[in-house]
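*Asks:* what's the 3D shape of this:
(one chain, ligands or ions: 2)
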Amino acid sequence: MIGFESREAFSAALADLPEANKVAQAAAQLRQEDLTKPLGSLGRLEDIAIFMASWQGRERPVLERIRAAVFAGNHGVAARGVSAYPPEVTAQMVANFAAGGAAINALADACGAELVIVPIELERPTADFVEEPAMSEEDCLAALNAGASVVEEGLDLLFVGEMGIGNTTPAAALCAQVCNGTAAEWVGAGTGLDMDGIAHKQSVVAQALALHGAHCTDAFETLRRLGGREIAAMAGAILAARIKRIPVLLDGYIVCASIAPLVVDQPRFAAHCLAAHCSMEAAHARLLDWLGLAPLLQLGMRLGEGTGAAVATQLVRSAIAAHNGMATFAEAKVAGVA
Ligand SMILES: O=C(O)c1ccc[n+]([C@@H]2O[C@H](COP(=O)([O-])O)[C@@H](O)[C@H]2O)c1
Ligand SMILES: Cc1cc2nc[nH]c2cc1C
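*Replies:* Ligands and ions are numbered 1, 2, ... in the order given. Predicted coordinates for the structure are as follows:
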């Protein structure tokens, strides 16, 4: 199992990322060109199949072991009234996940994913990042490792999700810090703030940036100061997946924000990721643009929990079914391009 012993070990892992299997990628590309359809006619389904082949290292990818990992954390900054819901909802929703009653329970089941719920120290919210770093070095490392620990050998696909009242505030701070721009450009309604609530949230993010901005010198320090436990855990899980060459489907705004500091340090960090959807959180589209990722879906969702990724998993399944199941021109005795 992958673990990071120290912040230096995390940075070293980030600096030494494996790449996709070029041979499997080329073989999958050739197979797509040989299947009984006009060249390119399955559009992005073709790209998805080739992407899966390249990271799984086989011409014909499989989708038998899918893991959905949902991380939960609480945020000191939530006490400043930056969410439409109270902080106790985080633990209450974790109980709902355990009882099987949340959207992700139904959607993980529908897409064939095995769901793992990882609450991280809910009774101990992070520090209020307007006043001090959100986490100590030890807490940030523990959260990164809680994420890495869900990434077992042999997974065909991983997606992560989150539950954390207030977490669109640290997500916006992370984006403003690493992708540039003002707090106003990265702050949105989250669970449903009104205009006054959004203005207040912008000023909270601006204060955090003024305090921490100059100290955010690398991915670890940025996550530690401006992130949160579930956010660091998602970054740790997505890095561990990269180390094992497991493809990842990204979910909403908070999931994408969790890897932004890693992308700044390593511009190819998100190469093993597909963007499942573009959520309704206003800045998610801007963040996907910055990441250079085109979302597979746009369904007006803004729930989190990994729900958008669970829905997009059905597309990955369709892409692989066509790629593996179709006949070639030669097999079907169909004439190719004239
Ligand atoms: O995934 C998204 O894009 C998304 C957008 C808005 C809100 N959420 C969810 O709502 C919570 C954060 O919203 P807030 O207003 O409490 O910061 C958190 O539990 C997220 O899972 C998620
Ligand atoms: C009820 C509820 C469920 C959620 N799931 C993810 N974020 C959430 C926020 C709320 C408020």
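*Asks:* am I right that residue 186 is in contact with residue 205?
*Replies:* Yes. Using Cβ atoms under 8 Å, residue 186 makes contact with residue 205 at a distance of 7.1 Å. All C-beta spots, glycine's among them, are computed from the backbone N, C-alpha and C.
*Asks:* look at these two and report which has more neighbours.
*Replies:* Per other Cβ atoms under 10 Å, whichever of residue 186 and residue 205 has more neighbours is residue 205, with 30 against 27.
*Asks:* what touches both of residue 186 and residue 205?
*Replies:* Residues touching both residue 186 and residue 205 (Cβ atoms under 8 Å, 6 or more residues apart in numbering): 172-173, 176.
*Asks:* so which of those sit within strands?
*Replies:* Among those, no member falls in strands (DSSP state E).
*Asks:* who wins for neighbours among the residues you listed?
*Replies:* Of these, with other Cβ under 10 Å as the count, residue 172 tops at 33 neighbours.
*Asks:* which one is that residue nearest to, not counting chain neighbours?
*Replies:* residue 186 (4.1 Å; Cβ to Cβ, 6 or more residues apart in numbering).
*Asks:* and the one you found, what is it in contact with?
*Replies:* 172-173, 175-176, 179, 205, 283, 286-287.
*Asks:* so which of those are in helices?
*Replies:* Among these, the members falling in helices (DSSP state H) are 172-173, 175-176, 179, 205, 286-287.
*Asks:* what sits against residue 313?
*Replies:* 63, 66, 111-113, 157, 159, 249, 276.
*Asks:* can you put these in TSV and add secondary structure?
*Replies:* Shown next, in TSV, are the contacts of residue 313 (DSSP: H, G, I helix; E, B strand; the rest coil):
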residue	secondary structure
63	coil
66	strand
111	helix
112	coil
113	strand
157	strand
159	strand
249	strand
276	coil
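*Asks:* most neighbours among these, which one?
*Replies:* Neighbour counts for those, by other Cβ under 10 Å, peak at residue 159, which reaches 32 neighbours.
*Asks:* that residue touches residue 310, doesn't it?
*Replies:* Yes. Residue 159 lies in contact with residue 310 (Cβ under 8 Å); the separation is 7.0 Å.
*Asks:* give me the common contacts of these two.
*Replies:* Common neighbours of residue 159 and residue 310 (Cβ under 8 Å, 6+ apart) are 68, 113.
*Asks:* so which of the contacts of residue 313 is the closest to ligand 1?
*Replies:* Relative to ligand 1, the closest of those is residue 276; by Cβ to the nearest ligand atom it sits at 10.0 Å.
*Asks:* backbone dihedrals for residue 333, please?
*Replies:* In terms of degrees, to the nearest 10, the main-chain angles of residue 333 are phi 60, psi 50.
*Asks:* relative to ligand 2, how far out is it?
*Replies:* Distance from residue 333 to ligand 2, counting by Cβ to the nearest ligand atom, to the nearest Å: 52 Å.
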